[in-house]
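**Q** got a structure for you, letters missing:
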């Protein structure tokens, strides 16, 4: 660890902390329908949208209706995105003349599932596959809407805790509109302008053909990048305009944009802890979640950074300096941008997998075994370290329910969280959500590790699914595990090294993304509904306080232990044994 | 009488909160119960019964699968049968140990039921027919509404209400208390229980329950666990451990393809066998809590029973742990039943001794507890011995409703004591003057919640006796403990608010309800419940029944009416209202035991992973042996040691499950910190030396 490394991490964390209170407050006001400084400008627009769509602003929904609205919206918009990709040849803003031949049905399905679920897994090279129109009207639009939908679910769950003796948890359409209009849109416009100022491109030009200094011909891709880049981070989406994602100089040109992009990933998820605290009328509760997330975040950053800076015996044996010096970064620089170096690559990798973002500025596949374990394990923990927009909060609340359940028993009372008794229904729903994550990762990775296909078969032309791996052995296993983990967690980052653009991978990963998103959301909405109906139990000395260090420790413990117990066997056959073998 | 007062004070020993074992306790491992439990452990192997417990069902299925594989391999003369045989045996032991824990808990209940059943002889009853004649009929033939005559030596044939007569009744079969109690018609002591015995006089009893539905029947069914339903928290916990079982099932099942990929990638070794995978699964799923969960619940009911409280459901016991507000009757619960003299305040010009002497003289013949306490106080404070007053030709004036005074005429002195107003009238009638100073003193006593008694000799006022409600010893400490546990105590009294406030502050309760009518009580409960609080109360009268029914935990006194007993969800056979506090502690202890063992069970998995994972891939990935931090000597021994540890820990924790973890009245934070350290951190650490030790033993015995 270099002093510079410490400083960069400290600056990043200070910025996140500083924005948590003001932004948390703004989100709370917006989502509770109160007036904000934005209301004079956006209020009329909001009401216009409701009028056009026939939404009653005060029409509250039962959790089942809320869930049905979300599912219906996702289904319809997913089908539209599928159609848009397949029909891109007929649509405008297509200087490269890309058509249906570039997007096979299985790829279009995978991509639609990916963007509807806020995953942004991309098993293709975007600049060679999708037209500007699809990128703008399809992917970017979903970047906004899927994030707003996640925010809505989190709000519904928080309302479950905040309200009492009611049957409703909010209105999906209102949450979706408000989240997009007041939060995501203004921040994205701001973010895109700053990114543009730093050199991120924003145009509809055809690709530029240039001659390199060596005389070779090169095509430089162009496009409306900045507008997608901002929401890609703010909405914890992560789908790059270019295949190189945030390692591409047009997406992430300077160390400053790198910091800005990382800040934009954590900005809303961190603020939501404060929103939560405000909505349950006890901001300490929000800070407790913030603290638990911070502990897990620091642990990940330091572990990842430690192993990346330490390098590997193989690199050292080849005469590469492993010690950082004034002229050399030291450690493992394979797959990293020299602009960002080890600290900013490790930090970015941790942040993007703590949150369900999945944007990358370095190749996780090239990390050291244990350095790469950190992003993988982050996702397997359920992406609750700040996490995705909304998804991080509802995921952490799911763990809080389980933590409180065990703790509550140990103090001799029916467990309570925020005055709500945690009973059969809540435990059942939290366990279901946990099962969804574990089963979709393990079962699909298990099948993929051994499934045989004939060479040249439709499902996987390369033969057995394992033949698509770029590396043999334990590292190859990590690649499979990472792909399904990333899909189930709706992260979308790729470990790399795996050719996932075959019907088998496109379809299985697409299904896993849908399961990981919607089968997780439904039980949590059910829990929200059950909680909202309950009466609030007053706090007494016999109530276990959920805002102190003890609760933070317990929550961190539950998150880590559940994750570790579920995935330890798999991880020991992947990164752990790879580390021991090197 | 002094001894009487001391016994009364002695009952409220604060150490009782530490859950001392009651009189119904029996040794933890009573040989006949153990024998029966061992047999039952095998009976419970029936898959139909096992299916109720998902965790142990998975273990049984695993054991059966391994056994089948073992038989198959034996038929085909495969090698390495010793290992498989041992794994199969220990998996079966795991199931049997869990069954044994449950059977032990049930056995202890059954033993109690058996001793109760012995009292349920088929006695004859003397039924009074409509025409007034008495005929002998079998007790079992009695129906609701029948009337029987019970005379000395008769066993009361069924539950009922006394409609005529008064009798002393031996209720020791129900309460374990040998002193007889009085049962009489009307009022709050009219209920009689079938199986109890009339000792003197006679009663006519109207039967209130049909055969098979009597109190004794219900009691037998309850302690036997026949009516046991899972409690809400138990259900929630069951869901959680079933969910964890599924997650571990996924982790282990998917390990098959993962390892087959790894084996082909490494080009060495073989994928772990089904026997090994089953072993890993059984070690990971929460068998400790899964095996002990129902034993904990049954034992909790049993512990309540040991305190001579009969809980009508496990849910009631669990609810007791959740109680936020405790309603306690002042008289008999917080204070001793009666007021006592605590001080003498002489009027101007009267000496302390003179007043004390007169007060004692006036009370010598007064048999009320108040009167006796005056005699005692005078003796203790001024060394005045109770005199043999008959020598002095004394004439005692008893208290009458007209004079509202009592006293004595002795040696020409007319000493009277009574309430301020009565004595004032008396003095004025005799032409005396009531000194304003005495009125001031009396008002002062009233203000602090005491009762002033004015003493006069002829027309001269001597002074005031301060009578006071005496708070039982140790109550303040108990209420302080309650507060730490987050429980609010509310004193219920018929006294005026002034008196009530004084006693409330002396006893240290959080709140009081003065001049309480049964309706006020009910309203208070509803108000508390509307605020989301759970309320517990005790009661005995018929007019308490609505409140008992409304309260989340209603403890009826056994001396109370049938209506009260029907309305509550617990009956205290000792009729000791203070015991509510112990019931709360047992409820909490029950939940803590479950939580603690769940945490322990899950924490144990860490060590098991470190034992089994390196062993599974010892050939494929020898490098994984770096994780074998216990240095277990061979892969077989590592797996076997983990399985054996997993089985033995169940049996090792049976006493804890039956007895419950030690409960301390601490705040939630402190309690959690403690339990997390002991059962969480302890649960992570303990298996390491445990598995290591078993591994070494297996090596010594050449078993693996």
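**A** Perfect, I can see it now. Nothing here was measured: the structure is a model prediction, and the numbers come from that model. Numbers count the residues shown, from 1 in each chain, chains lettered A, B, ... in the order given.
**Q** residue A:328: how many residues sit nearby?
**A** 12 (other CB atoms under 10 Å in any protein chain shown). For the C-beta atoms, the positions are set from N, CA and C on the backbone; glycine is no exception.
**Q** show the contacting residues for the closest residue to residue A:314 other than its chain neighbours.
**A** Leaving aside its sequence neighbours, residue A:314 sits nearest to residue A:582 (CB to CB, 6 or more residues apart in numbering or on different chains; 6.5 Å). Residue A:582 sits next to A:312-314, A:369 when contact means CB atoms under 8 Å, 6 or more residues apart in numbering or on different chains.
**Q** next step: the residues you listed restricted to helices.
**A** Residues of the contacts of residue A:582 located in helices (DSSP state H): A:313-314, A:369.
**Q** what residue in chain B is the furthest from its centre?
**A** Distance from the C-alpha centroid of chain B peaks at residue B:267, with 62.9 Å (CA atoms, centre = their mean).
**Q** so residue A:210 touches residue A:220, yeah?
**A** Yes - counting by CB atoms under 8 Å, residue A:220 is a contact partner of residue A:210 at 6.0 Å.
**Q** looking at chain A, which helix or strand is least sure?
**A** helix A:313-317 (a mean of 87; mean pLDDT, DSSP states H and E).
**Q** what's the spacing between it and its chain's center?
**A** 34 Å (CA atoms, centre = their mean, to the nearest Å).
**Q** who does residue A:219 bridge with?
**A** Applying DSSP bridges to residue A:219 gives these bridge partners: residue A:209.
**Q** could you check the helix or strand harbouring residue B:108 and say which residues are buried?
**A** Here residue B:108, judged by DSSP states H and E, is contained in helix B:81-118. Under the neighbour-count criterion of 16 or more other CB atoms under 10 Å in any protein chain shown, helix B:81-118 has B:83-84, B:86-113, B:116-117 buried.
**Q** helix or strand next in line after the helix or strand encompassing residue B:595, which one?
**A** Element membership for residue B:595 (DSSP H and E) is helix B:580-603. Following helix B:580-603 in sequence order, the next helix or strand is helix B:605-616 (DSSP H and E).
**Q** what about that following helix and chain A, any contact?
**A** Yes - residues of helix B:605-616 are located near chain A by CB under 8 Å from any CB of the partner chain, namely B:605-606, B:609, B:613.
**Q** next secondary structure after the helix holding residue B:108?
**A** strand B:124-128.
**Q** state the mean pLDDT of that next one.
**A** Averaging pLDDT along strand B:124-128 gives 83.
**Q** re earlier: report the buried members of the contacts of residue A:582.
**A** The neighbour-count test (16+ other CB under 10 Å) marks A:312, A:369 as buried among these.
**Q** skipping adjacent residues, who's closest to residue 315 in space?
**A** You didn't pick a chain, so chain A it is. residue A:332 (6.2 Å).
**Q** that's the other chain; I wanted chain B
**A** Leaving aside its chain neighbours, residue B:315 sits nearest to residue B:231 (5.0 Å; criterion: CB to CB, 6+ apart).
**Q** tally of neighbours for the one you found?
**A** 23.
**Q** can you check residue B:202 too?
**A** 14.
**Q** my read is that it contacts residue B:150, right?
**A** Yes - contact criterion CB under 8 Å: residue B:202 and residue B:150 qualify, at 6.5 Å.
**Q** what residues do the two have in common as contacts?
**A** Counting by CB under 8 Å, 6+ apart, the residues touching both residue B:202 and residue B:150 are residue B:167.
**Q** quick check: end-to-end length of stretch A:208-216?
**A** Taking CA to CA, to the nearest Å, the first and last residues of stretch A:208-216 lie 14 Å apart.
**Q** need the contact partners of that stretch.
**A** Outside of stretch A:208-216, the residues within contact range by CB under 8 Å, 6+ apart are A:217-220, A:222.
**Q** give me the buried entries from those residues.
**A** For the contacts of stretch A:208-216, buried by 16+ other CB under 10 Å: residue A:222.
**Q** can you put the contacts of stretch A:208-216 in JSON lines and add pLDDT?
**A** As requested, the contacts of stretch A:208-216 are exported to JSON lines (pLDDT from 0 to 100):
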{"residue": "A:217", "pLDDT": "92"}
{"residue": "A:218", "pLDDT": "92"}
{"residue": "A:219", "pLDDT": "92"}
{"residue": "A:220", "pLDDT": "93"}
{"residue": "A:222", "pLDDT": "93"}
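**Q** what pLDDT does residue B:333 get?
**A** Listed pLDDT for residue B:333 reads 74.
**Q** quick one: contacts for it?
**A** B:538, B:577-578.
**Q** check residue A:341 too.
**A** A:329, A:333.
**Q** give me phi/psi at it?
**A** phi 70, psi -170 (degrees, to the nearest 10).
**Q** do residue A:376 as well
**A** Torsion angles, degrees, to the nearest 10, at residue A:376: phi -60, psi -50.
**Q** what does the one 10 residues further on give?
**A** When read as degrees, to the nearest 10, the backbone of residue A:386 gives phi 70, psi -50.
**Q** got the contact list for it?
**A** Contact analysis of residue A:386 by CB under 8 Å, 6+ apart lists A:266, A:269-270, A:273, A:293, A:297, A:354-355, A:392.
**Q** could you redo the last one with a cut-off of 6 Å?
**A** A:266, A:269-270, A:293, A:354-355, A:392 (CB atoms under 6 Å, 6 or more residues apart in numbering or on different chains).
**Q** what is the burial count for the residue in the stretch 51-200 of chain B positioned nearest to chain A?
**A** Closest approach between the stretch 51-200 of chain B and chain A, counting by CB to the nearest CB: residue B:54, at 12.2 Å. Residue B:54 has 17 neighbouring residues, counting by other CB under 10 Å.
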